[in-house]
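> Here is a sequence with its predicted model. Questions after.
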Amino acid sequence: MTRSLILASSSPFRRQLLDNAGLVFQAEAAKIDERAIEARLQAEGADPQRVALVLAQAKAIEVSRRHADAFVIGSDQTMSLGDRVYHKPATLEEAREALLSLSGKTHYLNSGVALALDGNMVWGTVVQAAMTVRNLTPQAVDAYLARAGETVLQSVGSYQVEGEGIRLFERIDGDYFTIIGLPLLPLLQALRERGAVND
């Protein structure tokens with residue numbers, strides 16, 4: 001029996017990655033309180049990588065409990081610079097402050113992905129990308145925000161590397177899928193090992 005595949009996310013970026021890979025799946029957002037889970041983990045001293053994995057697991061399990069016999073993919077991404085963990089900006093001014101704080105520094109995108117079946121975790125991993133932002137002047141940030149507009153509010157780092165955000169960077173160490181927020185290569189391997197994809 002081939003089990004159906006569900007992506008526990010409303011992210012258009014993650015859906016597009018799975019579509020491009022030729023997977024047949026449904027998408028359904030998980031009903032969890034991400035900020036509450038994150039606050040508990042941070043109080044316990046969890047690092048940003050663990051936060052990404054636990055949130056990915058929580059999403060996968062929540063949706064899996066509603067869909068017996070389906071493989072459910074959960075994913076989450078955290079962004080960190082030293083002790084600071086970033087969230088999606090609510091305003092362009094917040095985006096401006098975040099971008100200026102990243103100027104000339106290397107921050108990390110921690111992408112967690114998990115697979116659940118019948119309400120139980122069957123696999124999970126975290127993959128990290130190192131993102132080095134070039135030295136940015138306030139004028140350069142303002143020009144970027146004027147061009148990109150409110151699309152920057154959709155991403156935790158206030159940028160999309162697949163668009164004009166790439167102009168902010170000096171160096172990137174990590175694969176494209178991890179940066180977008182769904183480590184596709186390890187996920188595809190995990191699905192193959194469980195007979196969830198045929199290739």
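On my side now, so go ahead. Residues are numbered from 1 along each chain as shown.
> can you count the residues close to the residue nearest to Ser103 when sequence neighbours are not counted?
Computed as C-beta to C-beta, 6 or more residues apart in numbering, the closest residue to Ser103 that is not its neighbour in sequence is Leu136, at 4.1 Å. For every residue, glycine as well, the C-beta is placed using N, CA and C. As a burial measure, Leu136 scores 17 neighbours (other C-beta atoms under 10 Å).
> Correct me if wrong: Leu136 contacts Leu100.
Yes: counting by C-beta atoms under 8 Å, Leu100 is a contact partner of Leu136 at 6.7 Å.
> what sits against Gln57?
The contact partners of Gln57, taken as C-beta atoms under 8 Å, 6 or more residues apart in numbering, are 74, 112, 114, 116, 121, 124.
> Try it again at 7 Å.
Taking C-beta atoms under 7 Å, 6 or more residues apart in numbering, we find Gln57 in contact with 74, 114, 121, 124.
> SS state for the third one?
Put plainly, it is Met121. strand (DSSP: H, G, I helix; E, B strand; the rest coil).
> just the CA coordinates of the helix or strand where Ala95 lies, formatted as CSV?
Mapping Ala95 onto the secondary structure by DSSP states H and E places it in helix 92-102. Extracted C-alpha coordinates of helix 92-102, given in CSV (Å, rounded to 0.1, in the frame of the first residue of the first chain):
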residue,chain,number,x,y,z
LEU,A,92,9.6,47.4,7.3
GLU,A,93,11.3,49.3,10.2
GLU,A,94,11.8,46.0,12.0
ALA,A,95,13.2,44.5,8.8
ARG,A,96,15.6,47.5,8.5
GLU,A,97,16.9,47.0,12.0
ALA,A,98,17.4,43.3,11.5
LEU,A,99,19.3,43.8,8.2
LEU,A,100,21.6,46.4,9.8
SER,A,101,22.3,44.0,12.7
LEU,A,102,23.4,41.3,10.2
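> what packs against that helix?
When contacts are defined as 3 or more C-beta pairs under 7 Å, 6 or more residues apart in numbering; DSSP states H and E, helix 92-102 packs onto helix 138-148.
> What residues sit buried inside the helix it packs on?
Under the neighbour-count criterion of 16 or more other C-beta atoms under 10 Å, helix 138-148 has 140-141, 144-145, 148 buried.
> Among the residues you listed, find the lowest-pLDDT one for me.
For those, the least confidently modelled position is Ala148, at 93, judged by pLDDT.
> quick one: the strands in this structure?
Remark: strands of the chain, listed N- to C-terminal, are 5-7, 26-27, 71-81, 84-86, 106-117, 120-133, 169-173; assignment by DSSP state E.
> Partner strands of the first one and their direction?
Spelled out, that is strand 5-7. strand 26-27 (parallel), strand 71-81 (parallel) (DSSP bridges).
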